[in-house]
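Student: give me a 3D structure for the following:
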Amino acid sequence: MTSAQTSLEITGFDYDRTTGNETTDLVPAAPGSEITNSPLMQDLAGQLAPRSRAIYENDTRHFATWLAGQNLTLDTVTRSHFIQYRSHLAQSYAKATAARMLSIARRLLSEAVSRGDLTNNVASDIKGFKTGDNETPHHAMSDKEARKLLAAIDTSTRKGKRDYALVLLLLWTGLRRSEAAALTIGDLRQEGGHHVLTVQHGKGDKRRKVKVPVKAMRAITDYLEAAGRSAGPGAAPLFVGFNKGDHPEEKPISDKLIYRTVLAYAKAAEIDSLSPHGLRASFVTLALEGGAKLQQVQYAAGHADPRTTERYQKRKINLDNNAVDYLHF
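Tutor: The predicted model follows:
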């Protein structure tokens, strides 16, 4: 490691811009690391599911960086300062994201009070954000757009086969990108004549089974065989990175890499505003439009509340098959 890299911390898996390989991300160590690496954060993280832990750590790092930029610490921040942080979030993020980040900062202060590090939580009565929108902001594709997205992936390379299998799996099952990144070869199995995968740690640390359609399974098998990984150990990551020579590396991809991958193919297919979560919204919308019951889609998507699933249904008004058409006076 060079002297220029000594202050960098490892945070994920991505492309190395100098070699073209998919390697570990190098990101400058964030200010405020005394908070993110403190016993306080360890106590808070120890109460969370693995997926929630990553979100809390990221949002806490943002809060710590903001505090450092204001020359503040947890024991010098006041109620007025926290209101300023709320304003910063309101100006910088969508409501749902700002609400989550504010809640996590408030939770951090509450944990500090419980530990005896602070005497009171200055953020306890500060107003949060209303997120009562009844529809997710993410773009949901049509059948035509979905085919166009898949057609944009060049499957003549091993990496292309991986990307095709990954995007197809996300689109056809509604998996979260963090769930896809965490999959292992052993999570895939047959049950009752069907291919299924087990999400070991979904949102809320919930475990669930997801049916894998035949077409998606064929794409996964094609990718594994091309990469010489079909006989790999069950604990091996399902989706791995590739070097510049199109050779697989036994390192799991990160959700950051999945995000960039989807955005790159969406751009190639000329589909605006599509993200990995847009694939999830597309899954919910297309499944419901195809006749699946709300409860079926809710379980497949891993939603605790059916109202959340309904928020992902983007095309609620269908003038060709509308509620009014069922009335006959």
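Student: could you give the average pLDDT over stretch 119-131?
Tutor: Stretch 119-131 carries an average pLDDT of 85.
Student: hmm, I was thinking of stretch 298-312
Tutor: pLDDT averaged over stretch 298-312 gives 68.
Student: so who does Arg147 touch?
Tutor: Contacts for Arg147 were tallied using C-beta atoms under 8 Å, 6 or more residues apart in numbering; there are none. Where C-beta positions appear, they are placed from N, C-alpha and C, glycine not excepted.
Student: so after the strand or helix carrying Lys267, what's the next helix or strand?
Tutor: Using DSSP states H and E, Lys267 sits in helix 255-268. Sequence order places helix 276-289 as the next helix or strand after helix 255-268, per DSSP H and E.
Student: so how far is Thr97 from the residue lying closest to Val212 once chain neighbours are set aside?
Tutor: Nearest residue to Val212, sequence neighbours excluded (C-beta to C-beta, 6 or more residues apart in numbering): His195, at 4.3 Å. As judged by C-beta to C-beta, to the nearest Å, His195 and Thr97 stand 35 Å apart.
Student: who has more neighbours out of the two?
Tutor: Counted by other C-beta atoms under 10 Å, His195 and Thr97 do not tie: His195 has more neighbours, with 18 against 14.
Student: wait, doesn't that one sit right on Lys211?
Tutor: Yes - between His195 and Lys211 a contact is recorded at 7.3 Å, counting by C-beta atoms under 8 Å.
Student: where do the strands sit along the protein?
Tutor: Along the chain, counting by DSSP state E, strands occupy 8-15, 22-28, 188-191, 194-199, 208-211, 240-242, 248-252.
Student: now Gln47: how far from Leu169?
Tutor: Counting by C-beta to C-beta - Gln47 and Leu169 are separated by 31 Å.
Student: these two: who's more crowded?
Tutor: Leu169 (24 against 11).
Student: right, and the more buried one touches Val212 too?
Tutor: Yes - between Leu169 and Val212 there is a contact at 7.2 Å, judged by C-beta under 8 Å.
Student: residues shared between the contacts of these two?
Tutor: Listed as contacting both Leu169 and Val212 by C-beta under 8 Å, 6+ apart are Ile220.
Student: quick one: low-confidence parts of the stretch 1-150 of the chain?
Tutor: Within the stretch 1-150 of the chain, the segments meeting pLDDT under 70 span 1-34, 36, 49-51, 131-138.
Student: give me the domain ranges for this protein.
Tutor: The record's domain parsing of the chain by automatic domain parsing lists 31-115, 143-312.
Student: as TSV, these with distance to Val122 would be great.
Tutor: Output for the domains of the chain, formatted as TSV (distance: least, C-beta to C-beta, whole Å):
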stretch	distance to Val122
domain 31-115	4
domain 143-312	29
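Student: to Ala123, which of the ones you listed lies closest?
Tutor: domain 31-115 (4.5 Å; C-beta to C-beta).
Student: how far out from the middle of the chain is the closest one?
Tutor: 20 Å (C-alpha atoms, centre = their mean, to the nearest Å).
Student: quick one on the thing from earlier: how about the domains of the chain, which one is nearest Phe129?
Tutor: Comparing the domains of the chain against Phe129 with C-beta to C-beta, the closest turns out to be domain 31-115 (4.0 Å).
Student: tell me the contacts of Val167?
Tutor: 149-150, 153, 261-262, 265, 279.
Student: okay, buried residues for the helix holding Lys267 please.
Tutor: 255-259, 261-262, 265-266 (16 or more other C-beta atoms under 10 Å).
Student: how about stretch 148-161?
Tutor: By neighbour count on 16+ other C-beta under 10 Å, the buried set for stretch 148-161 is 148-150, 152-153, 155, 158-161.
Student: leaving out the residues flanking it, which one is nearest to Tyr85?
Tutor: Using C-beta to C-beta, 6+ apart, the nearest residue to Tyr85 is Trp66, at 5.9 Å.
Student: and Ser230, by the same measure?
Tutor: In space, Ser230 is closest to Leu224, 4.3 Å off (C-beta to C-beta, 6+ apart).
Student: the closest residue to Arg106 other than its chain neighbours - how many residues pack around it?
Tutor: Nearest residue to Arg106, sequence neighbours excluded (C-beta to C-beta, 6+ apart): Ala123, at 4.5 Å. Around Ala123 there are 23 other residues, counting by other C-beta under 10 Å.
Student: residues in contact with Ala123?
Tutor: Counting by C-beta under 8 Å, 6+ apart, Ala123 makes contact with 79, 82, 105-106, 109.
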